[in-house]
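Engineer: Kindly return the folded structure for what I paste below:
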Amino acid sequence: MGIGPAARTGLEPVSISPEEVGAHFGFVSKYAGLDLSASSAITQQRLGWHPAGPGLIEDLNNMRYFED
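Structural biologist: So this is what the prediction gives:
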């Protein structure tokens, strides 16, 4: 499977407790725990747009954002 996206950024993933989330992420933390669904269906319908690139996981696994 190879090296994950976090390892390629040089960042080490860490686990934090629910009580630590607010202090760690600040005001953004209130959105992290929400169960929000998202869909491109309306955009596709109204604008005739259809995604053609890789999916999120494939894109992250193939990212070259930090190479010279």
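
Engineer: Spatially central residue in the protein, please.
Structural biologist: residue 56 (7.5 Å; Cα atoms, centre = their mean).

Engineer: how close does residue 20 sit to residue 14?
Structural biologist: 10 Å (Cβ to Cβ, to the nearest Å). For glycine as for every other residue, the C-beta is placed from the backbone atoms N, C-alpha and C.

Engineer: Comparing the two, which residue is more hemmed in?
Structural biologist: Neighbour totals were compared for residue 20 and residue 14, and residue 20 leads with 12 against 8 (other Cβ atoms under 10 Å).

Engineer: helix, strand or coil for residue 36?
Structural biologist: coil (DSSP: H, G, I helix; E, B strand; the rest coil).

Engineer: ok, how many other residues are close to it?
Structural biologist: For residue 36, the count of nearby residues is 5 (other Cβ under 10 Å).

Engineer: try residue 29
Structural biologist: By the criterion of other Cβ under 10 Å, residue 29 has 14 neighbours.

Engineer: That one against residue 18, yeah?
Structural biologist: No: using Cβ atoms under 8 Å, residue 29 is not in contact with residue 18, being 9.6 Å away.
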